[in-house]
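[1] okay, here's the prediction I keep looking at, along with the sequence it came from:
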Amino acid sequence: MDRAHKLAASISAVTGNTVHAFVLNERHLEEMLETADIVVNTTSVGMSPGIGETPVPSILLKYTPVVFDIVYNPLQTRLRREARASGAT
């Protein structure tokens, strides 16, 4: 986790934006998503063959206006479908 914190601090310093690194659990997600402008999934969660999985519970997508998922197989991941259903772009 120390490496993730260092990377977040480095990105924050370069961009002038606040970047957080945290353990991926529902409590942390909800805290962060309440004020986030965008969610970017850079994990393999939701990728074939695990197409029924998602890194963000659908109930938490109500907070975020923009969701970007880098998973390329399948094109329509569960995260994308649920984000669209919640009104996210």
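    Sure, I can see it. If you're wondering where the values come from, they're calculated on a predicted model, not measured in any experiment.
[2] CA atoms for contacts and neighbours, from now on please.
    OK.
[3] what about Leu61, neighbour count?
    Number of residues near Leu61 (other CA atoms under 10 Å) recorded here: 24.
[4] actually, Asp37.
    When neighbours are defined as other CA under 10 Å, Asp37 has 12 of them.
[5] give me every residue that touches the closest residue to Asn41 other than its chain neighbours.
    Setting aside the residues directly before and after it, Asn41 is nearest to Asp69 in space (CA to CA, 6 or more residues apart in numbering), at 4.8 Å. Shown in contact with Asp69 (CA atoms under 8 Å, 6 or more residues apart in numbering): Val40, Asn41, Thr42, Thr77, Leu79, Arg80.
[6] let's see if you can find the most crowded of these.
    Leu79 leads the contacts of Asp69 on contacts (other CA under 10 Å) with 25 neighbours.
[7] got the phi/psi numbers for that residue?
    phi -60, psi -50 (degrees, to the nearest 10).
[8] look up how far Gly52 lies from it.
    Leu79 sits 9 Å away from Gly52, going by CA to CA, to the nearest Å.
[9] quickly list what's touching both of those two.
    Gly46.
[10] name the surrounding residues that touch the helix or strand of the chain with the lowest mean pLDDT.
    Lowest mean confidence among the helices and strands of the chain (mean pLDDT, DSSP states H and E): helix 26-33, at a mean of 88. Helix 26-33 has contacts (CA under 8 Å, 6+ apart) with Phe22, Val39, Val56, Pro57, Leu60, Leu61, Tyr63, Thr64.
[11] can you do 6 Å?
    Tyr63 (CA atoms under 6 Å, 6 or more residues apart in numbering).
[12] and what of stretch 72-79?
    So stretch 72-79 is contacted by Met47, Ser48, Thr54 (CA under 6 Å, 6+ apart).
[13] can you check stretch 35-47 too?
    Glu53, Thr54, Thr64, Val66, Val67, Phe68, Asp69, Ile70, Val71, Asn73.
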